[in-house]
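*Asks:* got a sequence here, can you model it:
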Amino acid sequence: MNIPAPAYTLGFVRSMLTEQSGRASGWFKDMEIKTVFQPAFSLPHKKAVGFEASLRGEDEDGSIIAPEAMFGPAGNFSETCLLDLLGTTIHVHNFASSRSGQNLLFLNLHPEVFLDFAHSGPFLAALFEHYRIPRHRVVLDIPAFLLKLERLDAAIEAYRALGCLISIDDLGVENADLDSVVRTAPDIVKIDHSVVASAVANESVRKTLLHAVSLLHEMGTLVLLEGVESKAEALLAIETDADFANGFYFGPLCEHVDEFDEPDDVLDNLWNSYKEKRGPGNAREAMSRVSLDEETLHSSHIKKLRSTSPAEIHRYRDERRPFIAAIQQAGGLMEAGTGFEAACADFLKLDGAIRCFLLGGDGGQIGPDLSGPLSPTPQGMNFSGLIEHGDGDWSRRDYFRRAMQEPELVQVTRRYRSLGGYAHCVTFSIAVKVNGQPVVICGDVDWSTHANMH
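*Replies:* Coordinates of the predicted model:
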């Protein structure tokens, strides 16, 4: 960036908009600028959680202009900034005019516009205020190639101060230095489609992707697989335990959110296909999750996290004992005929207990969550709260899989970021039989409430 951009006002940029039937577009030079939305799905919930807005440029003849041709020379930042802010304003206008409910809005700012937060930050604040978009529902994407820049940290801090969520876009996994991800502390990491496509065709890349998703979860971020185009890629998204996915496999782009229809049959059939094929590959999948120490996925943060002294390990085991005893008690009570709510009462009274939930033998949730009187408040976005709870499927989660493999034994996960908004969630689970049918009793704990986190 050679010359600081002028501080374009929201009023000036909005004067460039044209509105028809509630949909906005705008002209920039000889291009008409429009919005297209791509839904992002929560895989376990089988529902859309948000929409990513992208620019679509058309010339005077209606021909589509390639995205790389829309922006001018890199040295003309003033022009780049105006086009980017115009596009962002069109996105927000069109999203706000839809029946978007509680969905997230993913926005891609031009890298230099993102870094110019002294101007972009106040503009976005005015934009969200004008259209009454809750800032905690806006996700700002950072291209992965910016991670090494020192000035990125100040920009992220500024946008977080606005209340926005942060995602890293187009992350690769080969030779990835995940310490840069830890420093950025994104809410979501998006894995580039090229990785997904390679993982379908190449077993070693598939294993690396499994490692990457496991590590990212342990680091406290959620994962989205981008550009899923085929059933094989969609099945991979489930196998890797990604939280979210987007792509043409789930349906086409739409010019307005209200045009979107949930692809319920597509997602239901996808999960059925996954369960039919997962048996033979389950052992390999488990090994991929256990062996996380990969040179190509170096993270000193994870190594430090796992470098604990014998005294710390002993203390951690002591801290887990009340939860293990309580979930084991819940299993015994349910086997004896006690109802789920009464069986979990003691677990939910423990310090840090978030919720209990019950899964059937197929991993589908049975009934609503149970929350205790002292359940801690989420530290981050409650993604689960954005979606109407229906037939969620948690069969790919370690706490379900391991419990089913070892019935009657309590299983304990490593800390991970939950979809409920807890950055240090630990799940305790046990598989028992009720009326002759297997069920898995699960209890989530916010481990940040404990003085010693391991």
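
*Asks:* what sits against the residue nearest to A96 when sequence neighbours are not counted?
*Replies:* Here the nearest residue to A96 in space, its sequence neighbours aside, is Y131; by C-beta to C-beta, 6 or more residues apart in numbering that works out to 4.0 Å. Bear in mind the C-beta positions are built from the backbone N, C-alpha and C, glycine included. Contacts for Y131 (C-beta atoms under 8 Å, 6 or more residues apart in numbering) come out as V92, H93, F95, A96.

*Asks:* got those residues as CSV, with distance to G163, secondary structure and pLDDT columns?
*Replies:* Formatted as CSV, the contacts of Y131 follow (distance: C-beta to C-beta, whole Å; DSSP: H, G, I helix; E, B strand; the rest coil; pLDDT from 0 to 100):
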residue, distance to G163, secondary structure, pLDDT
V92, 15, helix, 96
H93, 20, helix, 96
F95, 16, helix, 95
A96, 16, helix, 93
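
*Asks:* just those residues now: which is nearest A126?
*Replies:* Distance to A126 across the contacts of Y131 (C-beta to C-beta) is lowest for V92, with 10.8 Å.

*Asks:* now that closest one: how far from R14?
*Replies:* V92 is 10 Å from R14, where distance means C-beta to C-beta, to the nearest Å.

*Asks:* same question, D59
*Replies:* 23 Å.

*Asks:* could you do A232 as well?
*Replies:* Look at A232 and R14: by C-beta to C-beta, they are 44 Å apart.

*Asks:* likewise for S97?
*Replies:* Distance, S97 to R14, using C-beta to C-beta: 14 Å.

*Asks:* same question for N108.
*Replies:* Taken as C-beta to C-beta, the span from N108 to R14 is 20 Å.

*Asks:* pick out whichever of these two has more residues nearby.
*Replies:* N108 (22 against 17; other C-beta atoms under 10 Å).

*Asks:* quick one: contacts for that one?
*Replies:* Counting by C-beta under 8 Å, 6+ apart, N108 touches E52, A53, S54, D141, D169.

*Asks:* also G352?
*Replies:* G352 makes contacts with P376, V445, D446, W447, S448, T449, H450, as judged by C-beta under 8 Å, 6+ apart.

*Asks:* so which of those residues comes closest to F400?
*Replies:* Taking C-beta to C-beta as the measure, F400 lies nearest V445 of the contacts of G352, at 16.5 Å.

*Asks:* ok, what's across the strand from the closest one?
*Replies:* Counting by DSSP bridges, V445 forms beta bridges with A353, V426.

*Asks:* any idea how many residues pack against it?
*Replies:* For V445, the neighbour count with other C-beta under 10 Å is 29.

*Asks:* per-residue pLDDT, it?
*Replies:* Note on V445: pLDDT of 96.

*Asks:* now swap in T296 and tell me
*Replies:* At T296, the model reports a pLDDT of 44.

*Asks:* so the protein: which segments form each domain?
*Replies:* The record assigns the chain these domain ranges, following automatic domain parsing: 10-297, 308-449.

*Asks:* which stretch in these has the least confidence?
*Replies:* For the domains of the chain, mean pLDDT drops lowest on domain 10-297, to a mean of 87.

*Asks:* centre of the chain to stretch 412-429, how far?
*Replies:* 14 Å (C-alpha atoms, centre = their mean, to the nearest Å).

*Asks:* same question for stretch 408-425.
*Replies:* 15 Å.

*Asks:* kindly export that stretch (C-alpha atoms) in PDB.
*Replies:* Extracted in PDB, the C-alpha atoms of stretch 408-425 (Å, rounded to 0.1, in the frame of the first residue of the first chain):
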ATOM      1  CA  GLU A 408     -19.400 -49.100  30.800                       C
ATOM      2  CA  LEU A 409     -16.000 -47.300  30.900                       C
ATOM      3  CA  VAL A 410     -15.900 -43.500  31.200                       C
ATOM      4  CA  GLN A 411     -14.200 -41.700  28.400                       C
ATOM      5  CA  VAL A 412     -12.600 -38.200  28.700                       C
ATOM      6  CA  THR A 413     -11.600 -36.000  25.700                       C
ATOM      7  CA  ARG A 414      -8.800 -33.600  25.500                       C
ATOM      8  CA  ARG A 415      -9.800 -29.900  25.700                       C
ATOM      9  CA  TYR A 416     -11.300 -28.600  22.500                       C
ATOM     10  CA  ARG A 417     -13.400 -25.700  21.300                       C
ATOM     11  CA  SER A 418     -17.000 -26.600  21.300                       C
ATOM     12  CA  LEU A 419     -19.700 -25.400  18.900                       C
ATOM     13  CA  GLY A 420     -21.400 -24.100  22.100                       C
ATOM     14  CA  GLY A 421     -18.800 -21.400  22.500                       C
ATOM     15  CA  TYR A 422     -16.500 -22.900  25.100                       C
ATOM     16  CA  ALA A 423     -12.800 -22.600  24.200                       C
ATOM     17  CA  HIS A 424     -11.700 -25.200  26.800                       C
ATOM     18  CA  CYS A 425     -14.500 -27.800  26.700                       C
END
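
*Asks:* list the buried residues of the helix or strand containing L333.
*Replies:* Assigned by DSSP states H and E, L333 falls within helix 310-335. Neighbour counts over helix 310-335 (16 or more other C-beta atoms under 10 Å) mark 315, 319-320, 322-324, 326-331, 333-334 as buried.

*Asks:* so M381 sits in a helix?
*Replies:* No: note on M381: no helix contains this position according to DSSP: H, G, I helix; E, B strand; the rest coil, which reports coil.

*Asks:* isn't it right next to G421, touching?
*Replies:* Yes: with contact defined as C-beta atoms under 8 Å, M381 reaches G421; the gap is 5.5 Å.

*Asks:* what's the helix or strand for A53?
*Replies:* strand 47-58.

*Asks:* check which helices and strands the helix or strand just after the helix holding L333 sits against.
*Replies:* Next along the chain after helix 310-335, taking DSSP H and E as the criterion, comes helix 340-343. Counting contacts by 3 or more C-beta pairs under 8 Å, 6 or more residues apart in numbering; DSSP states H and E, helix 340-343 packs against helix 310-335, strand 365-371.

*Asks:* pipe those into CSV and attach distance to S429 per row.
*Replies:* Converted to CSV, those look like this (distance: least, C-beta to C-beta, whole Å):
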stretch, distance to S429
helix 310-335, 7
strand 365-371, 13
